[in-house]
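I need the structure of the sequence given here:
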Amino acid sequence: NHQHAAQKFPHRARTAGRLTHGGRMGKGKSARARLGTGTVPSASPFEFRTARQKHNVLGRKVKGLAVNASQSRARGIENRKRTLAVALAREGRASRFVDERFGERDSDMTLEDKMLGRYQLAKKAKVSARASRYTLGDGDG
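A predicted model of the protein is given here:
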């Protein structure tokens, strides 16, 4: 019966009639358990990228035929940490406070004029917000 099944289904012949890996399905030990804790994994062939030259010219200096992708990736990450992280940390910060209220930069205005101008701007914003609720979006104004 076992021979008959092996002939009919050759892809099942290896495991026919027995359970592998102690009755568990899967690949058995994990990759980490197979490597062990103290061993250093060998360099993967997928970490290296090689480029083929179309024409070999005598005396020409050729750069980048063999590239270690993991080293290039690490170098790029380190470069971004050095440059972009500094820019992101500095983003949104200013060295001084700038008062942008109405009339603050105009030294000729009196305090009453400044207050009146701010009040008028606030009223105008409130009216335009209220009017925009009922706009149908025609674009005709």
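
spell out the residue ranges of the strands in this structure.
Along the chain, the stretches classed as strands by DSSP state E are 48-50, 66-68.

got a markdown table for these, with distance to Phe102 too?
C-betas here are computed from N, CA, C, even on glycine. Shown next, in a markdown table, are those (distance: least, C-beta to C-beta, whole Å):
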| stretch | distance to Phe102 |
| --- | --- |
| strand 48-50 | 60 |
| strand 66-68 | 59 |
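
the ones you listed: lowest mean pLDDT?
Taking the average pLDDT of each of the strands of the chain, the minimum falls on strand 48-50, with a mean of 82.

that strand pairs with which strands, and in what direction?
Using DSSP bridges, the strands paired with strand 48-50 are strand 66-68 (antiparallel).

got the contact list for the strand it pairs with?
For strand 66-68, the external contacting residues (C-beta atoms under 8 Å, 6 or more residues apart in numbering) are Glu47, Phe48, Arg49, Thr50, Ala51.

out of those, which comes closest to Leu121?
Of all the contacts of strand 66-68, Arg49 has the smallest distance to Leu121: 60.5 Å, by C-beta to C-beta.

for that closest one, which non-adjacent residue is spatially closest?
Nearest residue to Arg49 in three dimensions, chain neighbours excluded: Val67, at 4.7 Å (C-beta to C-beta, 6 or more residues apart in numbering).

gap between that neighbour and Ser128?
59 Å (C-beta to C-beta, to the nearest Å).
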